[in-house]
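Engineer: sequence and predicted structure are below.
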Amino acid sequence: MTKAILRIFGIFSVVLILSIPVYASDNLVINPGFEESGWPPASWDQWDGSTGSGGVSGSISTSVAHSGAQSTARALWGTGGRWGGYTQDVAVTEGDFVRASGWLMSKSDNDPLADGAEAYIEVKFLDSGDSELEVYSSTPLTEASTWVRHVIEEEAPEGSVKARFSFILSTDDENASGTAYFDDAYIRIGTAEDLAYDHIYYEMDKYYKESLDFTVRAADTLSNTADVDISSYVTISDSWRSKIVTTSIGQRR
């Protein structure tokens, strides 16, 4: 694999060395923002279950959206263990690097998540018989919040033929309550280098526009002219990501 280099010249200038790669895929999710009419949401499977007397209801929201005019919601009702969500499958091949993301929020003034409610994204890698190979989830949203982007980045394990992406609201707590909103699902498949570039472009663009603090911190950390092998930034534990990314990173469940 060609070594990709990010070079920082001074505090305010960021230049990527080498040509921009051709990505293996754009967003593979169909109806990612739930803008198509109808129920259940077009191209998504919706499901729920419980161990008690309650459940998790679903709906399309026309008053709350991260982008566009609509999002989808899940609301806890009743008591006991409860779970529900929306799911969509995409084809993968073992060894593919997969980035999955989605936006989540819970309103502070109208049924916020509380008392053990958890909203998150999940990615399951499945084999040709639909058996689970690996399951990853983002750090859950557990209280009122503005829109937050959750991200899972993982390599498809041996035997994988599909990745199952889900938005989920669940609880194991008897008296948990709340409503979570979900929007703008995204899945991209590529090489580790592809996703490293993708990650850097997204974060650089976001933080450089919002604040000079990121460029100063990067310059201090990298001593202005340090060369960085950006393939390392596809890993979950790298120090740069921990400094600048506010989204949730996938964890094996």
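Structural biologist: Looks like it came in fine.

Engineer: tell me what the helix or strand hosting residue 76 is packed against?
Structural biologist: Element membership of residue 76, judged by DSSP states H and E, is strand 71-77. Judged by 3 or more CB pairs under 8 Å, 6 or more residues apart in numbering; DSSP states H and E, strand 71-77 is in contact with strand 55-61, strand 82-91, strand 162-171, strand 179-190. Where you see a C-beta, it was placed from the backbone N, CA and C, and this is true even at glycine.

Engineer: quick one: list the elements packing against the third one.
Structural biologist: Meaning strand 162-171. Secondary elements touching strand 162-171 (3+ CB pairs under 8 Å, 6+ apart): strand 71-77, strand 82-91, strand 97-106, strand 118-126, strand 179-190.

Engineer: next, the buried residues of the second one.
Structural biologist: So the one you mean is strand 82-91. Neighbour-count burial for strand 82-91 flags 82-86, 88-90 (criterion: 16 or more other CB atoms under 10 Å).

Engineer: what's the answer for the shortest one, then?
Structural biologist: For strand 71-77, the buried set under the neighbour-count rule, 16+ other CB under 10 Å, comprises 71-76.

Engineer: partners of that strand, with directions?
Structural biologist: Partner strands and pairing direction for strand 71-77 (DSSP bridges) are strand 55-61 (antiparallel), strand 179-190 (antiparallel).

Engineer: nearest to residue 131, out of those?
Structural biologist: strand 179-190 (20.7 Å; CB to CB).

Engineer: now the angle from the closest one to strand 82-91?
Structural biologist: If you take axes from the mean of the first three to the mean of the last three CA atoms, to 10 degrees, strand 179-190 sits at 20 degrees to strand 82-91.

Engineer: so strand 179-190 versus strand 162-171, what angle?
Structural biologist: Going by the same axes, to 10 degrees, strand 179-190 makes 160 degrees with strand 162-171.

Engineer: per-residue pLDDT of residue 159, please?
Structural biologist: On pLDDT, residue 159 comes in at 98.

Engineer: again but with residue 109, I slipped
Structural biologist: pLDDT, residue 109: 96.

Engineer: using CSV, lay out the buried residues of strand 82-91 together with distance to residue 131 and pLDDT.
Structural biologist: Shown next, in CSV, are the buried residues of strand 82-91 (distance: CB to CB, whole Å; pLDDT from 0 to 100):
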residue, distance to residue 131, pLDDT
82, 26, 97
83, 20, 97
84, 23, 97
85, 20, 97
86, 22, 97
88, 19, 98
89, 14, 98
90, 17, 97
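
Engineer: same list (these) but as JSON lines, adding distance to residue 51.
Structural biologist: Shown next, in JSON lines, are these (distance: CB to CB, whole Å):
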{"residue": "82", "distance to residue 51": "8"}
{"residue": "83", "distance to residue 51": "9"}
{"residue": "84", "distance to residue 51": "13"}
{"residue": "85", "distance to residue 51": "16"}
{"residue": "86", "distance to residue 51": "21"}
{"residue": "88", "distance to residue 51": "26"}
{"residue": "89", "distance to residue 51": "26"}
{"residue": "90", "distance to residue 51": "30"}
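
Engineer: farthest-separated two in those?
Structural biologist: Maximum pairwise distance in the buried residues of strand 82-91, criterion CB to CB, is 27.1 Å, between 82 and 90.

Engineer: fine, thanks again, bye for now.
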